[in-house]
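In: Okay, sequence plus prediction incoming.
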Amino acid sequence: MKKSIKAFASVLAAFSLASCGINQGDINGADGTTEIISEEPDIATSDDASMDASQNDAEEEYVVQPAPVTVEGRPEEEGSLAPENRYSLAGVHEVDGRQGVAYGDECYYISGSTTLTKYDSEWNKVSEAEDPFAGFENEVNHIGDIDVYDGKIYAGVEYFMDGESKNIQIAVYDAESYQLVNTYSFDESSGQTEVSGIAIDPDSGSIWMTSWTGDESGRYLYRYDLENGSYKGKVHLQCPPQWLQGIAYYNGCLYMTADDGTADLGEPDHVYKTRIAEDSTTANVVLERTLDDVTLQGEVEGISFDKTSGQMLISYNRGSQIVLGMVKGFYEGYTEEIHEVFLYNIEGFKREYSFEEIDECVDGSGWNLILVNKDNPVPDDYTVSLTDLSNGKQVDTRIYPALQKMFDDARDSGIDLFVREGYRTREDQQSIMDNRIQEYEAQGYTAEEAEDMAKQYVAIPGTSEHELGISVDINANSNVSSDDTVYTWLNENAYKYGFIKRYPENKIDITGINNEPWHYRFVGQKAASEMKELDMCLEEYLDYISE
Ligand SMILES: [Zn+2]
């Protein structure tokens, strides 16, 4: 929101960053990931049939996904503000609109000073508000940074004329139709003189506003109630960033963009971070990132986080020369201002899946109930789309959210486990079989005997559930958890995530496979719950539901 005069810099300059006592040492470091490397697992599980422990492979590494250190919601006590995140530039997309950016429901939203535009996940423009200023009781003509929450666009809007703002409001639009559904006027007693950025913090039920102009710019964040828009007070930032533009909430912290670099001198702008305790009236600010990899000769605007892909989004303008807050021409090589969104991958980002998402992957086509056993081989035309796990194993992409959530929850309960075996090709299975036959031959058995014996322990190629990609062998990280602890937890909890213990002890006569407390098969939450309730294995359950 480049429209007022930078004379306020002198006011802000009085707040020397050096005097604020932020320890630079706290600002750096923090890798953001925890790698849990297991010792050699105690139980070998590389076949469908049970194997003896001598078949263990060499040391296995961790889990479904390395568990990063995440901050969930608000901390109980004020901790270090050291950045949890590291960022790497992942892409740039040109957009229409110079003010703000927001992510919601797998779409991106861009605000211009007078526009609201939606882009799909591939950054194709899909729609635009016809008249974002329609329906206001108190007239507005300017939109700042935006946020999207619960199907609504939240925009900081105002009437801006001759360097003055009035009618500052929080505008709430339906994110599909752009219909104005609500407005909340700002509280004049707050001292806020304009609105540049807006952020929704669902954890504390707050709407936060920033101001770019005025004596208070950078010194305060203004808090409003997410439910009813009432003013809840302002928070004094220590130290105050200069020229706050955008604001976004992510993982318990507020992130703010400040166009505090002077474009003419090639100085970069910055992202700052603060964590605000409930009811606190002050909050410390630290530098989160220097934006030295954006295209310079420009200025930062909005900020948002894509919580699906785990990216930070920064909107940025370049090309125009801004003097005293007004566009006064263009830098060499430019004939117009260019608006772009810079995407940054966040190292250590960890997506959390919900039970609803697990449920959604069961689409009614029956893929989750396919039966594979010695009488029912994997169909020749079976295809599978795979997701790589962090230790190199692979699973059917459709079961990944369920598997990840199950592992996240297990770890939250202090259980440490990892995927020992996931998807296996027909060739993988054949080579396991061939190796086993060779072992028996080496022990002096005839070829025929060796093959018969191997088939007692190794699924015949084409009949292993691992070839589906929806079965996993799960082992304990024996540094932390015993096998018993892991198998017990899985036995009691896996059904909630749609997994069943495929080869239980009491069904050997039906499955034809020995007890395998580590082999879990995805069938979906409904089927898994019913099978647990009825004490049925998959063969029994399929008969039961076909009756
Ligand atoms: Zn298995």
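Out: Nice, I can see it.
In: Nearest spatial neighbour of the residue of the stretch 301-450 of the chain found nearest the ion, chain-adjacent residues omitted?
Out: For the stretch 301-450 of the chain and the ion, the shortest gap (Cβ to the ion) falls at E421, measuring 5.7 Å. The way it works is simple: take the backbone N, C-alpha and C, and place the C-beta from them, glycine included. Distance criterion Cβ to Cβ, 6 or more residues apart in numbering; nearest residue to E421, sequence neighbours excluded, is D473 at 4.0 Å.
In: looking at this, the one you found is in a helix?
Out: No. Going by DSSP: H, G, I helix; E, B strand; the rest coil, the assignment for D473 is strand, not a helix.
In: which ones are touching it?
Out: The contact partners of D473, taken as Cβ atoms under 8 Å, 6 or more residues apart in numbering, are 45-46, 419-422, 466, 516, 518-520.
In: Mind giving me the PyMOL command for buried ones among those?
Out: In PyMOL, a selection of the buried entries from the contacts of D473 looks like this (16 or more other Cβ atoms under 10 Å):
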select buried, resi 45+46+419+420+421+422+466+516+518+519+520
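In: so what's the residue of the chain found nearest the ion bridging to?
Out: In the chain, the residue that lies nearest the ion is H519 (3.7 Å; Cβ to the ion). Here H519 sits in beta bridges with D473, as judged by DSSP bridges.
In: Correct me if wrong: it contacts I500.
Out: No. Applying Cβ atoms under 8 Å, one finds H519 not in contact with I500, separated by 9.7 Å.
In: need the helices for this structure, in chain order.
Out: Using DSSP state H, the helices of the chain run over residues 9-13, 24-27, 355-360, 400-412, 426-442, 447-457, 483-493, 508-511, 525-534, 538-546.
In: would you turn the ones you listed into CSV with mean neighbour count and mean pLDDT?
Out: Converted to CSV, those look like this (neighbours: other Cβ atoms under 10 Å; pLDDT from 0 to 100):
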stretch, mean neighbour count, mean pLDDT
helix 9-13, 13, 33
helix 24-27, 12, 27
helix 355-360, 14, 88
helix 400-412, 21, 91
helix 426-442, 16, 94
helix 447-457, 15, 89
helix 483-493, 17, 96
helix 508-511, 14, 94
helix 525-534, 16, 97
helix 538-546, 14, 96
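In: looking at those helices, which is closest to A175?
Out: Smallest distance to A175 across the helices of the chain (Cβ to Cβ): 18.9 Å, for helix 355-360.
In: name the helices or strands packed onto the closest one?
Out: For helix 355-360, the elements it packs on are helix 400-412, helix 525-534, judged by 3 or more Cβ pairs under 8 Å, 6 or more residues apart in numbering; DSSP states H and E.
In: so what does the longest one touch, helix or strand wise?
Out: So the one you mean is helix 400-412. Using 3+ Cβ pairs under 8 Å, 6+ apart, the elements in contact with helix 400-412 are helix 355-360, strand 417-421, helix 483-493, strand 499-501.
In: show me what contacts L116?
Out: Counted by Cβ under 8 Å, 6+ apart, L116 has contacts 97, 109-110, 128-129, 132, 143, 146, 153, 155, 173, 178.
In: and what of S206?
Out: Residues near S206 by Cβ under 8 Å, 6+ apart: 200, 223-226, 232.
In: Apply the buried test to these and list what passes.
Out: 200, 223-224, 226, 232.
In: what does the stretch 351-500 of the chain have sitting close to the ion?
Out: D473 (Cβ under 5 Å from the ion).
In: hmm, back to that, now the contacts of L116: which count as buried?
Out: Buried members of those, counted by 16+ other Cβ under 10 Å: 97, 109-110, 129, 132, 143, 146, 153, 155, 173, 178.
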